[in-house]
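Enquirer: Here's a sequence, model it:
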Amino acid sequence: MKKPALVLAIFTFCISGFQSLAQVAVPFKSKTGDSTHTVFIWHSDTLRQFHKDSVDIQSLFGHVKLQSEKTIFYTDSLAMDHKDNFIEAFGNVHINDKDSTDIYSDYMKYYVDTKNIIFKKNVVLKESKGTLTTDELHYDMNLHVGDYYNNGKVVNQTTTVTSKEGTYYADTKDMYFKKNVVLVDPAYTLKSDSLPYNSENQVATFVTDTYIKDSSGRTIKTREGFYDLKNHKAHFTKRTTITDKSETIIADYIEFDDSTGISIATGNAIFRDTVQNLTLISNLMIANKKGNTFLATQKPLIILKQDADSIYITGDTVYSAPIPDSVLKRPDSVQGVAILRTAKDPNDSSLRYLQVYHHVRIFSDSLQAVADSVYYSGLDSIFRLFINPIAWASGYQVTGDTMFLYTKNKKPDRLYVFENSLVVGKSSYNMYNQIKGNTLNGYFKGGVIDYMRSKGSAEAVYYIKDDSMALVGVNRVNKADIIDMIFLNKQLNKVVLRQDADGVMYPIKKVNPDDMRLRNFKWLDDKRPKTKYELFGN
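Expert: As a prediction, this is how the structure comes out:
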């Protein structure tokens, strides 16, 4: 006969004010029966125990404190289920894991066998460097890893990261954010679909398409690399694009340090300035944001873009910087002063200069040139060519000590040669038209040579053709104040001698072409870049 006491649906006893200076061990037998997990009760205002349907349940109320291995649990109340081996906690739940991670919530369910915990409602995870908030968190006490699946936020000092899903690794202080990731920092805003982030060292790692915008408006598009928010350093790979106002740079690898303002781009780097319609291609670029300068080496190529006849420039090194105020404010720089006073942006690219030095080569359809170095100012659009400059236009070669090439809308407008100017053009086999003078001015129309004027102790050798274009003679001018060469359809049409010209006409049959050479004559067509693809030749 069954005892009445055992037929009762509930056997309950109550201990009020339960508190012990020693731990009370509560064993949980695993479902497989081959091991036992012990939970220790440190404190509870009230303990109730009852038995129902072969299930032993213990309920603790008021200032509850438990311990499972190195994890401490606090809550208002909880229930222990010894059949399914779980503990449920209600109200002001708080656990401390290994003295390093604290988690708070309104509700908790702890599976003793697997040491997995589910936190729900107003979940807050705190560690030394940051705070995670979410509505539900799954925490693995074996691995010290937490996961959320329905929106979470991490605050680390001044940095806030939100995402739909995320994983927290307590041992390493790493977070792996997934889906609709947004990182907001006083200096940056970042958006991505996946983002590993370490709260200890404040490093964000990029593993997929990522968009960054900083406080100055600069934007970054990347898919691989890292960003050190604490030290303001970054390293990007896989064709990252950085856009700053009118300037864009694209490269295989880009690294920068905002504390120094230095950035380095390597691997097929491309720089574009949409205001100046300028593109720079190089394998290595170094920029200084604080000094607003950049340096390009390893086969740099400059492209000054225009509709039909872009200008291409190469050299060993390209350097660019703002035009100094001392130049802009010179009394004779009236245009410079006007631009300086009306410029809205002190970093306006029109107030910059480009310097290309050593083995400079220039190509456009209407003009080609080589020199040791070139200086180009966005203020006046003048190319200044130094040390053994040579220019070619409409089949004519121009040399001199120094050359200035004036451009208008990126097209040649005027060529000015200082001292020892010499123009050479091939008339026929081994026969060359030549004009020499102290200075030379060449003028272009629509980017095409129109006429050249040699002035000061001018000399000339030019071959005469009849209407059928047959050679009939050669005219040698030993002295003239001014000699003009007038072109038609890119061909020499006529030569005009002005003021005190002294010359001799020779029949073509009596001319030895080798004797018809002016001083310093050289035919240097082998140095001319004949297409843009030959710019990196000799």
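Enquirer: for the stretch 301-450 of the chain, what spans make up the strands?
Expert: 301-304, 311-314, 317-322, 352-363, 368-377, 382-386, 390-393, 396-399, 402-408, 411-418, 421-428, 431-437, 439-445, 448-465 (DSSP state E, counting those that start in this stretch).
Enquirer: closest to residue 490 out of these?
Expert: For the strands of the stretch 301-450 of the chain, the distance to residue 490 is smallest for strand 448-465, at 6.1 Å, taking CB to CB. C-beta coordinates here come from the backbone N, C-alpha and C atoms, glycine included.
Enquirer: show me where pLDDT drops low in this protein?
Expert: 1-23, 32-33, 326-350, 537-538 (pLDDT under 70).
Enquirer: re the thing from before, export the strands of the stretch 301-450 of the chain as a markdown table, with columns for distance to residue 57.
Expert: Formatted as a markdown table, the strands of the stretch 301-450 of the chain follow (distance: least, CB to CB, whole Å):
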| stretch | distance to residue 57 |
| --- | --- |
| strand 301-304 | 79 |
| strand 311-314 | 83 |
| strand 317-322 | 77 |
| strand 352-363 | 79 |
| strand 368-377 | 85 |
| strand 382-386 | 90 |
| strand 390-393 | 97 |
| strand 396-399 | 102 |
| strand 402-408 | 90 |
| strand 411-418 | 91 |
| strand 421-428 | 106 |
| strand 431-437 | 111 |
| strand 439-445 | 97 |
| strand 448-465 | 98 |
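Enquirer: quick one: which of the ones you listed is nearest residue 104?
Expert: strand 317-322 (54.4 Å).
Enquirer: Can you tell me what sits against the closest one?
Expert: Contact with strand 317-322 is made by 280, 282, 291-297, 300, 302, 346-347, 351-358, as judged by CB atoms under 8 Å, 6 or more residues apart in numbering.
Enquirer: can you map out the helices along the protein?
Expert: In the chain, the helices defined using DSSP state H lie at 4-7, 325-328, 334-342.
Enquirer: which of the contacts of strand 317-322 are buried?
Expert: Among the contacts of strand 317-322, those classed as buried by 16 or more other CB atoms under 10 Å are 280, 282, 292, 294-296, 300, 302, 351-357.
Enquirer: ranges for the strands of the stretch 151-300 of the chain?
Expert: 152-156, 159-163, 165-169, 174-184, 188-198, 203-206, 210-214, 219-222, 224-228, 233-244, 247-257, 262-273, 278-288, 293-297.
Enquirer: Please name whichever of those strands is nearest to residue 85.
Expert: Nearest of these (CB to CB): strand 165-169, 25.0 Å.
Enquirer: between that closest one and strand 152-156, how big is the angle?
Expert: Strand 165-169 and strand 152-156 are oriented at 50 degrees to each other (axes from the mean of the first three to the mean of the last three CA atoms, to 10 degrees).
Enquirer: Give the bridge partners for the nearest residue to residue 262 once chain neighbours are set aside, please.
Expert: Leaving out its chain neighbours, the residue that sits closest to residue 262 by CB to CB, 6 or more residues apart in numbering is residue 288, at 5.8 Å. Taking DSSP bridges, one obtains residue 262, residue 293 as the residues bridged to residue 288.
Enquirer: Go ahead and confirm residue 288 touches residue 264.
Expert: No - between residue 288 and residue 264 there is no contact under CB atoms under 8 Å: 10.5 Å.
Enquirer: between those two, who's got more neighbours?
Expert: residue 264 (17 against 14; other CB atoms under 10 Å).
Enquirer: hang on, the earlier thing: for the strands of the stretch 301-450 of the chain, which one sits closest to residue 235?
Expert: Comparing those by CB to CB, strand 317-322 comes nearest, at 23.7 Å.
Enquirer: Mind listing the strands that closest one pairs with, and their directions?
Expert: Strand 317-322 has these strand partners (DSSP bridges): strand 293-297 (antiparallel), strand 352-363 (antiparallel).
Enquirer: would you list those strands in CSV and tack on distance to residue 25?
Expert: Output for the strands paired with strand 317-322, formatted as CSV (distance: least, CB to CB, whole Å):
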stretch, distance to residue 25
strand 293-297, 70
strand 352-363, 77
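Enquirer: Of all those strands, which one is nearest residue 260?
Expert: Nearest of the strands paired with strand 317-322 (CB to CB): strand 293-297, 12.9 Å.
Enquirer: Tell me what angle that closest one forms with strand 278-288.
Expert: Going by the same axes, to 10 degrees, strand 293-297 makes 110 degrees with strand 278-288.
Enquirer: Just the CA atoms of strand 293-297, as PDB, please.
Expert: Taking Å, rounded to 0.1, in the frame of the first residue of the first chain, the C-alpha atoms of strand 293-297 are listed here in PDB:
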ATOM      1  CA  THR A 293      52.300  66.900 -50.900                       C
ATOM      2  CA  PHE A 294      52.900  63.600 -52.700                       C
ATOM      3  CA  LEU A 295      55.800  61.800 -54.300                       C
ATOM      4  CA  ALA A 296      55.500  59.100 -57.000                       C
ATOM      5  CA  THR A 297      58.300  56.800 -58.200                       C
END
